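> Give me a model of this one.
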Amino acid sequence: MRLLTNYVYKLRPNQTQFLKMSVWVDMLRSHYNWCLNDRITQYNQQFIQGDYCDIKTCSEVSPLTCFVSKNGASGEPWKDSKVDKEGKNKNPRRSASDLQITALPSLKASRPWYAGIDSTVLQQNVKRLDVAYKNFFEGRGFPKFKNRSNFTSFTCVMGVKIQGSKIYLPKVGWMRFYHSRPIPDGYVIKAATVRPRQNGWYVSIRIEDKEVPNSIVKPLSEVNKIIGCDLGITKLVHLSDGTQIENPKFGTSKKFKRLLKIRQRRVNRKVKGSKNRKKAAKIVGRLHQKATNKRDAYQWKVANQIASRNIDAIALEDLNISGMIRRCQVKVDEKNRFLKNGQSRKKGLNRAISDASWGNLTLKIEYLAAKQGKIVIKVNPKHSSQECRKCKHIDKSNRDKEKFICTQCGHIEHADIGAAKTMRDRASEMVRADCAEPSARHSNAQKISPRSQSFRGEFRNLRNKEIKVAKS
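Here you go, the predicted model:
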């Protein structure tokens, strides 16, 4: 088994390196868009248009009027035939990415300025498009053309070196960086992703350690202690043991709103397109980045505080956050006039949910829990804060803000802490159902976190191998 992690450092490039990396990002964005357009065009011509160059006019395909590319995403897909000893063809049909990677030398020949970019960086750019297509086939959106706001990085996978406070990037050269923490012994550099931010360039170094970690995830049959977590806005996390973790509200506090209002006003007062306006916009970006850095650091602290407890499993809410912050549906009367739909009141709630960043906090908790050999269980949070823990009565009027008073039996407790206890109890039921006989297992027992499942399976296989070696 191997362990992968990332270390982020701030770079200190000189003026030449700064300009070179900026030009690289622009050129790679253009290359990404060309590759995407090439795949779309080839698909249309091969599977939609057929023998026609234009469906409306029904004109036949001709090199004078149509797009013709020998190295396109679907042109010449077969390699030279090579047969192994068993008589099988070693070179099967090539994918679109293989064809576009093979066409990189011709790209550099026709556009010599691309020769200044490292070949592995261009190859990773094509593989980046492959990941977008893979996400599309898994049910997500179709790949989109990139612009300056959503394409700001490139990746090097070979030739990256670090010596002291200097890092070497292929065809960029040695560059100084802030060596905030050393790379541990036994780790090997696998890749380096460079991206600009508001206050400079940063590099994310992926390092790998092939040694097996010592922590082993407990099987569900040995899970005894479970802690429930209820995510909120007034308090960031409520735990089933009564602990409440504060929510600093880095992006929605009064001080932040006031600073943001002042700095955005300074941007609006500058002339559009001027350098002073760009400088003022950078100051606004730095303010947002500062809030983001504070939020990430605080979430790591909170996640470590939860995962380091003396427990076996953590019960988290399985929230549909994107659905919670979605805009309200439009309401129209009989005369097609727009009616109030509550979106103006929901705007503040959406900002508070985005500022709390529950999704990132959940990922951090899953990562630290798996690292320490603990299990994360995703639980359906439906009616968790409206259900009475004493009589199981569910009613919306049971809850009044943070107070919970059952309208049937009169049970009183803190609403969010009670919800956290409900999360814990539901997770316990799922664990008992998973540990029962196969015929008596509950369908909800399959909602164990995928990260914890993978760690559990790998550690279980490793433990079985160790037992076999010990017996032999």
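> okay but Pro13 is in contact with Leu19, surely?
No. Contact between Pro13 and Leu19 fails when scored by Cβ atoms under 8 Å: they sit 9.0 Å apart. C-beta coordinates here come from the backbone N, C-alpha and C atoms, glycine included.
> neighbour count winner among the two?
More crowded of Pro13 and Leu19, by other Cβ atoms under 10 Å: Pro13, with 20 against 11.
> can you pull the contacts of that one?
Pro13 makes contact with 21, 175-176, 201, according to Cβ atoms under 8 Å, 6 or more residues apart in numbering.
> Sitting in helices, which of those residues do you find?
Judged by DSSP state H, the contacts of Pro13 include Met21 as members of helices.
> how about the contacts of Pro13 in TSV, adding neighbour count, pLDDT and distance to Lys255?
Shown next, in TSV, are the contacts of Pro13 (neighbours: other Cβ atoms under 10 Å; pLDDT from 0 to 100; distance: Cβ to Cβ, whole Å):
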residue	neighbour count	pLDDT	distance to Lys255
Met21	19	96	35
Met175	20	95	36
Arg176	14	96	35
Trp201	19	95	29
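> Among the contacts of Pro13, which one sits closest to Gly164?
Arg176 (9.4 Å; Cβ to Cβ).
> tell me the phi and psi of the nearest residue to the closest one once chain neighbours are set aside?
Nearest residue to Arg176, sequence neighbours excluded (Cβ to Cβ, 6 or more residues apart in numbering): Arg12, at 4.2 Å. Backbone geometry at Arg12, expressed as degrees, to the nearest 10, gives phi -130, psi 70.
> pretty sure Arg12 is in contact with Ile167, am I right?
No. Arg12 lies out of contact with Ile167 (Cβ under 8 Å); the separation is 9.8 Å.
> which residues do these two both contact?
Taking Cβ under 8 Å, 6+ apart as the contact rule, Arg12 and Ile167 both touch 175, 177.
> With neighbour numbers in mind, choose between those two.
Per other Cβ under 10 Å, whichever of Arg12 and Ile167 has more neighbours is Ile167, with 24 against 16.
> Just to be sure, that one is in a helix?
No. Ile167 sits outside any helix when classified using DSSP: H, G, I helix; E, B strand; the rest coil, being strand.
> In contact with the residue nearest to Lys171 when sequence neighbours are not counted, which residues?
Excluding the flanking residues, the one nearest Lys171 by Cβ to Cβ, 6+ apart is Asp118, at 4.7 Å. Counting by Cβ under 8 Å, 6+ apart, Asp118 touches 156, 159, 170-171.
> most surrounded residue in these?
Counting neighbours by other Cβ under 10 Å, Cys156 leads the contacts of Asp118 with 22 neighbours.
> which residues touch it?
Going by Cβ under 8 Å, 6+ apart, Cys156 touches 118, 120-121, 124, 169-170, 191-194.
> Put together JSON lines for these, with secondary structure and pLDDT on each row.
Listed next are these as JSON lines, based on DSSP: H, G, I helix; E, B strand; the rest coil; pLDDT from 0 to 100:
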{"residue": "Asp118", "secondary structure": "coil", "pLDDT": "93"}
{"residue": "Thr120", "secondary structure": "helix", "pLDDT": "94"}
{"residue": "Val121", "secondary structure": "helix", "pLDDT": "95"}
{"residue": "Gln124", "secondary structure": "helix", "pLDDT": "95"}
{"residue": "Leu169", "secondary structure": "strand", "pLDDT": "95"}
{"residue": "Pro170", "secondary structure": "coil", "pLDDT": "94"}
{"residue": "Ala191", "secondary structure": "strand", "pLDDT": "94"}
{"residue": "Ala192", "secondary structure": "strand", "pLDDT": "95"}
{"residue": "Thr193", "secondary structure": "strand", "pLDDT": "96"}
{"residue": "Val194", "secondary structure": "strand", "pLDDT": "96"}
